[in-house]
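In: only the shape, not the letters, is given here:
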């Protein structure tokens with residue numbers, strides 16, 4: 001136990017790390033460890049050519065759940081450990097927003113930026129992303145544990161409406177918030193290349209920190225015992241439903257394609273990707289993810305379980321990368337996008353710029 005590292009200083013984080021025998025099957029680990037967790041996250045990567053597993057990260061227990069809808073952010077303490085952070089965050093966030101605490105929740109309300117404000121200034125105004133930045137900036141670990149402050153979650157496309165004026169979106173079955181993130185309390189980190197496996201528990205310092213440290217240490221021991229003594233899990237199998245639904249019929253979709261081809265001939269556009277929505281029931285999402293992983297092992301695989309929804313997927317490529325240390329952003333444009341900016345001799349190309 002690390003009671004000697006526990007302080008009553010808000011914002012400090014003490015991490016407990018526990019080395020384990022190598023765990024090769026991340027999906028089985030996730031199935032065992034998160035069965036009782038209402039909020040969890042699995043991130044995995046595989047080598048694109050050999051399909052070998054590279055790394056897996058399991059967020060087993062969350063301390064906080066952070067949900068954004070439009071300009072309002074709700075921070076919910078999922079554990080007593082997370083509740084320690086609420087007064088500290090309320091103080092830090094109240095300078096830029098209206099903050100109200102009720103029980104185990106903080107409600108943070110931001111002002112919508114003026115539409116006439118210059119774009120860069122709008123982006124730099126306090127907004128719902130400020131909550132995530134504050135967590136990353138104001139929580140400090142006493143050790144060099146890289147997962148002491150880990151935020152994992154999902155951002156919806158409609159999140160851009162917090163800084164841009166967009167048309168109203170029609171009501172639909174999709175109830176996913178603009179973003180939802182979890183601040184990790186316990187994690188399992190697997191490196192399949194080095195054969196390294198370890199559990200990490202994060203204690204957020206404050207008045208209740210010693211008691212929370214004991215609880216988290218006990219939780220890590222429980223997770224360790226589950227991994228070492230649990231019988232091998234049965235392979236996940238999903239029943240395929242025949243109830244396939246389309247939002248656009250075949251005939252209507254063909255008409256859209258013909259109309260778009262006419263726009264290309266007329267010179268209005270040079271490339272377009274028409275689409276339609278296929279949907280079917282998915283009563284066993286983890287089994288569906290297991291099948292997806294088996295058939296399409298990819299550099300970017302994810303499975304997020306929330307009390308309100310489940311989201312999973314796999315992709316061979318990323319759309320955007322950001323390096324926090326170098327502050328470098330990389331984007332990967334879709335096929336057909338022309339390069340921009342300069343000629344081969346370094347001079348500005350007026351046509352491409």
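Out: On my side now, so go ahead. None of the values given here were measured: they were computed from a predicted structure.

In: pLDDT at residue 228, what is it?
Out: pLDDT for residue 228: 89.

In: tell me the SS of it?
Out: Classification of residue 228 by DSSP: H, G, I helix; E, B strand; the rest coil places it in helix.

In: for residue 185, see how far away it is.
Out: Residue 228 sits 21 Å away from residue 185, going by Cβ to Cβ, to the nearest Å. Placement of C-beta: from N, CA and C, glycine included.

In: look at the two and report which has more neighbours.
Out: residue 185 (26 against 10; other Cβ atoms under 10 Å).

In: element containing that one, please.
Out: strand 179-191 (DSSP states H and E).

In: could I get the buried residue list for whichever helix or strand comes after that strand?
Out: Under the assignment DSSP H and E, the closest C-terminal helix or strand after strand 179-191 is strand 196-204. Using 16 or more other Cβ atoms under 10 Å as the test for burial, strand 196-204 gives 197, 198, 199, 200, 201, 202, 203, 204.

In: tell me how far the strand holding residue 185 is from the chain's mean position?
Out: The chain centre lies 9 Å from the centre of strand 179-191; the measure is Cα atoms, centre = their mean, to the nearest Å.

In: do the same with stretch 35-51
Out: Going by Cα atoms, centre = their mean, where stretch 35-51 is centred and where its chain is centred differ by 12 Å.

In: and what of stretch 260-277?
Out: That offset, for stretch 260-277, works out to 33 Å (Cα atoms, centre = their mean).

In: now that stretch: buried residues?
Out: Those buried within stretch 260-277 under the rule 16+ other Cβ under 10 Å are residue 260.

In: could you give the mean pLDDT of that stretch?
Out: 92.

In: stretch 174-185 too?
Out: Mean predicted confidence for stretch 174-185 is 92.

In: pairing partners for the worst-scoring helix or strand of the chain on mean pLDDT, with directions?
Out: Taking mean pLDDT, DSSP states H and E as the measure, the helix or strand of the chain with the lowest value is strand 320-323, at a mean of 86. Taking DSSP bridges as the criterion, strand 320-323 forms sheet pairs with strand 328-331 (antiparallel).

In: quick one: the partner strand to chain centroid distance?
Out: Counting by Cα atoms, centre = their mean, strand 328-331 comes out at 18 Å from the chain centroid.

In: where in the stretch 151-300 of the chain is pLDDT low?
Out: 230-235, 238, 241 (pLDDT under 70).

In: domain map for the chain?
Out: 3-238+286-317, 245-279+325-353 (automatic domain parsing).

In: tell me which of these sits most buried.
Out: Across those, the average number of neighbours (mean count of other Cβ atoms under 10 Å) peaks for domain 3-238+286-317, which reaches a mean of 17.

In: contact partners of stretch 249-260?
Out: Residues outside stretch 249-260 that contact it (Cβ atoms under 8 Å, 6 or more residues apart in numbering): 248, 269, 272, 274, 276.

In: select, from those residues, the two members most distant in space.
Out: 248 and 269 (19.4 Å; Cβ to Cβ).

In: returning to what we had before: pull the most distant pair out of the buried residues of strand 196-204.
Out: That would be 197 and 204, which, of those, are the farthest apart (Cβ to Cβ) at 24.4 Å.

In: name the element residue 42 belongs to?
Out: Per DSSP H and E: strand 40-46 holds residue 42.

In: which strands and helices sit next to that strand?
Out: Judged by 3 or more Cβ pairs under 8 Å, 6 or more residues apart in numbering; DSSP states H and E, strand 40-46 is in contact with helix 26-33, strand 53-69, strand 151-155, strand 300-305.

In: of all those, which one is nearest residue 115?
Out: strand 53-69 (20.1 Å).

In: okay, the angle between the very next helix or strand once past the closest one and strand 179-191?
Out: Following strand 53-69 in sequence order, the next helix or strand is strand 72-77 (DSSP H and E). Strand 72-77 and strand 179-191 meet at an angle of 50 degrees, taking axes from the mean of the first three to the mean of the last three Cα atoms, to 10 degrees as the criterion.
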